[in-house]
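Undergrad: Okay, here's the prediction I keep looking at, along with the sequence it came from:
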Amino acid sequence: MRAAIYVRVSTQGQVETQTADQQLIRLKEYIATQNWLLEQNHIYRDEGYSGARLARPGLDNLRDHAVLFEFDVVVITAPDRLARNYVHQMLVMQELEQRGIQVEFLDRPMADTPHDRLLLQIRGAVAEYERVLINDRMRRGRLMKCRAGKLLPWSRAPYGYIVPPDAPRDPDHVQIDEAEAAIIIRMFDWYLEPGATLYQVAKRLTDLAILTPHGKERWSTSTVRNILTNTAYTGTTYANRYRMVEATHRHSPLKNKGKRGKVAVLRPEEEWIPIPVPAIVDDLVFQQVQEKLSKNRQTASRNNTRHSYLLRGMISCGLCRRGAGGRTSGDKYHYYVCRGHSDALQLPLEQRCTARFMPAQKLDDLVWADLCQVLTHPDIIAHALERAHGGAWLPQQLQTRQRTLTRAARQIEQQQKRLLDAYLVEIIDLPEFERKRTELDRKQKALKIEVAQLEKTAADQLELSVVATSITAFCQQIQPVLAQASFEQKRQLVELLIDRVIVLDEEVEIRYVIPTNPDGPHSPFCHLYTDYQSVRRRPQDHLSGFHPGAG
């Protein structure tokens with residue numbers, strides 16, 4: 001039999017003490033006693049990953065290779081190495097068993113009997129309970145130490161402070177870095193100068209060759225803002241200030257939300273826990289900076305609506321993937337300009353974006369004309385949905401699984417052909433031929449079941465007929481107001497129906513988000529990544545002609 005090994009340790013300390021290597025030695029010795037075949041690429045390791053989550057690179061690789069039937073048995077030291085959550089254990093084990101792959105645990109061997117399965121359920125429930133209990137005790141313990149002023153909320157000391165390596169979170173050992181503190185005081189003074197902005201402060205720091213808190217050469221406005229708004233510099237830092245929630249917006253329109261998909265949000269102020277630290281900035285200076293930050297935020301160019309840019313905040317440069325903001329020259333010429341074009345803080349001169357300025361009025365007219373074309377011809381959207389029904393716009397994950405299953409099916413067919421050839425030339429006898437053929441038939445049956453499940457998933461996501469009906473109804477609601485729409489109404493429609501406009505020289509790509517709920521514009525189709533949008537059109541229009549494409 002072809003064997004695979006999975007080992008996992010959850011903390012960096014276990015990694016350093018080579019606990020994973022100890023598991024690996026035991027598993028290899030067991031496989032040797034069973035005379036199983038073990039290839040090096042079938043050893044899967046997750047070091048420093050919690051068993052509470054299924055998102056682990058080693059486990060993901062094991063599951064991907066299981067789809068291709070590359071091994072017949074997976075050997076693990078104990079069930080909690082696979083997962084601490086019983087539901088996760090069952091999910092992975094059933095997924096492997098459906099493909100005819102056995103799972104064996106060294107410390108707790110399990111037979112396929114009701115008694116052993118009950119024991120596995122109990123062990124999984126106990127492991128999950130222990131994990132929740134440990135996490136809750138650690139959380140409450142941290143809060144108690146913070147309330148007693150014995151634990152800092154920092155995982156890394158802020159710029160301007162020094163903590164000893166052996167006591168990085170002890171408030172009694174926090175010291176001021178005099179050199180960095182002098183820079184912080186200068187930053188506050190610079191920002192309070194008349195007309196000063198975050199950008200100007202960041203540029204001055206960069207020009208003076210002062211390294212950022214992370215040791216980089218170029219300062220960003222966000223880094224400057226974080227320092228100017230950090231209450232620790234007034235002598236008080238706060239624990240229990242943030243909580244983690246599921247992300248609802250992308251950090252960048254052309255990037256996903258990241259692996260974890262979580263963001264930190266402020267808790268109510270009454271839940272904050274104050275912890276005293278050495279002060280660097282005077283309270284009065286700090287409050288003056290906060291007032292100026294608030295005022296500058298309200299009058300920032302991104303919030304300045306003196307000039308009417310229909311696509312404000314929705315343009316991305318197709319060359320460097322950064323956003324593009326509106327720029328007016330002499331109150332006569334209006335452009336969308338890539339932020340990577342002239343921002344000295346982002347890139348050195350030789351690395352700046354070389355994309356051309358985008359004529360704002362022409363681009364606005366093109367996108368509005370294309371939007372009207374879509375809304376007055378629902379058959380364009382219906383055609384795109386038909387393509388979606390054929391799989392062209394399925395989410396990337398489903399498309400990847402489709403390709404994987406197709407490769408697995410081809411491999412099984414090749415194995416069946418080679419098996420038959422081996423029997424015909426009498427390399428193997430009839431009993432061996434029947435045994436291997438039965439095994440391949442079982443794998444092929446499991447593969448067909450998975451293909452059927454994938455097709456059902458795709459069908460559930462698309463719901464073509466319902467979507468097409470609601471699309472037509474929505475377009476009928478919108479069409480009467482298109483010709484007489486004011487700028488504000490146009491802006492509302494653009495914000496509702498267009499996710500992003502990507503411009504690369506003379507090419508314009510418009511990514512739509514079409515409402516499909518019977519309630520119409522109150523419920524957008526989705527907030528998924530732009531790669532997953534259900535309707536996306538790419539008119540290859542020249543900016544000089546601006547004739548909207550037909551899709």
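TA: Cool, got the structure.

Undergrad: tell me the SS of the residue located most distally from the centre of the chain?
TA: Distance from the C-alpha centroid of the chain peaks at E426, with 54.1 Å (Cα atoms, centre = their mean). Classification of E426 using DSSP: H, G, I helix; E, B strand; the rest coil returns coil.

Undergrad: What's the per-residue pLDDT of it here?
TA: In this model, E426 is scored at 81, pLDDT.

Undergrad: Over to the one 5 residues further on?
TA: P431 is assigned 84 on the pLDDT scale.

Undergrad: and it, what element?
TA: According to DSSP states H and E, P431 maps onto helix 430-462.

Undergrad: cool, and L363?
TA: With DSSP H and E as the criterion, the answer for L363 is helix 360-376.

Undergrad: Just checking the distance from that helix to the centre of its chain.
TA: From the chain centre to the centre of helix 360-376 is a distance of 31 Å (Cα atoms, centre = their mean, to the nearest Å).

Undergrad: picking that back up, please spell out which residues along the helix holding P431 are buried.
TA: Residues of helix 430-462 classed as buried: 433, 436, 440, 443-444, 446-447, 450-451, 454, 458, 462 (neighbour count, 16 or more other Cβ atoms under 10 Å). The way it works is simple: take the backbone N, C-alpha and C, and place the C-beta from them, glycine included.

Undergrad: Between those, which sits nearest N296?
TA: Proximity of the buried residues of helix 430-462 to N296 (Cβ to Cβ) peaks at L462, which lies at 46.6 Å.

Undergrad: what about L152, neighbour count?
TA: Neighbour count for L152, taken as other Cβ atoms under 10 Å: 24.

Undergrad: any idea how far it lies from P158?
TA: From L152 across to P158, the span is 10 Å (Cβ to Cβ, to the nearest Å).

Undergrad: now do D505
TA: Applying Cβ to Cβ to D505 and P158 gives a distance of 43 Å.

Undergrad: With R140 instead?
TA: R140 is 26 Å from P158, by Cβ to Cβ.

Undergrad: So for those two, which sits in the more crowded spot?
TA: P158 (20 against 10).

Undergrad: what about that one, distance to L311?
TA: P158 is 38 Å from L311, by Cβ to Cβ.

Undergrad: again with R204
TA: Going from R204 to L311 by Cβ to Cβ gives 33 Å.

Undergrad: who's more crowded, those two?
TA: The neighbour count for R204 versus L311, taken as other Cβ under 10 Å, is higher for L311 (23 against 16).

Undergrad: Isn't the more buried one up against D365?
TA: No - at 10.7 Å, L311 does not count as touching D365 under the criterion of Cβ atoms under 8 Å.

Undergrad: and I31, what does it touch?
TA: Residues near I31 by Cβ atoms under 8 Å, 6 or more residues apart in numbering: 3, 5, 38, 75.

Undergrad: pLDDT wise, what is it at?
TA: 92.

Undergrad: same deal with H389?
TA: pLDDT at H389 comes out at 52.

Undergrad: One more: H542?
TA: Looking at H542, its pLDDT stands at 33.

Undergrad: now A232
TA: 92.

Undergrad: ok, it touching Y159?
TA: No - using Cβ under 8 Å, A232 makes no contact with Y159, being 9.8 Å away.

Undergrad: Neighbour count: the two, which is higher?
TA: A count of neighbours by other Cβ under 10 Å puts A232 above the other of A232 and Y159, at 25 against 21.

Undergrad: Look up phi and psi at the more buried one.
TA: phi -60, psi -30 (degrees, to the nearest 10).

Undergrad: ok, now the one 5 residues further on?
TA: Recorded main-chain torsions at T237 are phi -110, psi 160, according to degrees, to the nearest 10.

Undergrad: what pLDDT does it get?
TA: What the model reports as pLDDT for T237 is 92.

Undergrad: gap between it and G195?
TA: Separation of T237 from G195 (Cβ to Cβ): 31 Å.

Undergrad: what's the nearest residue to A408 if we skip its chain neighbours?
TA: In space, and not counting its chain neighbours, A408 is closest to L68: 5.0 Å by Cβ to Cβ, 6 or more residues apart in numbering.

Undergrad: show me what contacts the one you found?
TA: Per Cβ under 8 Å, 6+ apart, neighbours of L68: 404, 407-408, 411.

Undergrad: Neighbour-wise, which one of those residues leads?
TA: Most surrounded of the contacts of L68: other Cβ under 10 Å gives A408, at 22 neighbours.

Undergrad: element containing that one?
TA: Using DSSP H and E, A408 maps to helix 396-424.

Undergrad: counting contacts, what elements does that helix pack onto?
TA: Judged by 3 or more Cβ pairs under 8 Å, 6 or more residues apart in numbering; DSSP states H and E, the packing partners of helix 396-424 are helix 57-67, helix 430-462.

Undergrad: weakest of those helices by average pLDDT?
TA: Of all the helices and strands packed on helix 396-424, mean pLDDT reaches its minimum on helix 430-462 (a mean of 76).

Undergrad: quick one: that one to helix 57-67, angle?
TA: 120 degrees (axes from the mean of the first three to the mean of the last three Cα atoms, to 10 degrees).

Undergrad: next one: helix 430-462 to chain centre, how far?
TA: 32 Å.

Undergrad: angle of that helix against helix 396-424?
TA: Angle of helix 430-462 versus helix 396-424, following the same axes, to 10 degrees, is 160 degrees.

Undergrad: what is the mean pLDDT for the strand or helix carrying V508?
TA: Element membership for V508 (DSSP H and E) is strand 507-512. Strand 507-512 shows a mean pLDDT of 84.

Undergrad: Measure how far stretch 86-95 is from the centre of its chain, please.
TA: 24 Å.

Undergrad: swap in stretch 279-286?
TA: Here stretch 279-286 is found 38 Å from its chain centre; the criterion is Cα atoms, centre = their mean.

Undergrad: Over to stretch 313-331?
TA: Centroid separation for stretch 313-331 versus its chain: 25 Å, with Cα atoms, centre = their mean.

Undergrad: In that stretch, which residues are buried?
TA: Buried-residue list, stretch 313-331, by 16+ other Cβ under 10 Å: 314-320, 322-327.

Undergrad: List just the nearest of those to Q415.
TA: G318 (45.1 Å).

Undergrad: The closest one and V503: what is the separation?
TA: When G318 is compared with V503 (using Cβ to Cβ), they lie 6 Å apart.

Undergrad: residue contacts, the closest residue to R243 other than its chain neighbours?
TA: Nearest residue to R243 in three dimensions, chain neighbours excluded: R267, at 5.6 Å (Cβ to Cβ, 6+ apart). With contact set as Cβ under 8 Å, 6+ apart, R267 has these partners: 240-243.

Undergrad: ChimeraX command to pick out the buried ones of those residues?
TA: Of the contacts of R267, the buried ones can be selected in ChimeraX as follows, counting by 16+ other Cβ under 10 Å:
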select :241
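
Undergrad: what about E488, how many residues close to it?
TA: Quick note: E488 (other Cβ under 10 Å) scores 9 neighbours.

Undergrad: by how many degrees do the helix or strand containing it and helix 360-376 diverge?
TA: Here E488, judged by DSSP H and E, is contained in helix 487-497. Calculated by the same axes, to 10 degrees, helix 487-497 forms an angle of 60 degrees with helix 360-376.

Undergrad: circling back to that earlier point, average model confidence for the helix holding L363?
TA: The pLDDT scores in helix 360-376 average 86.
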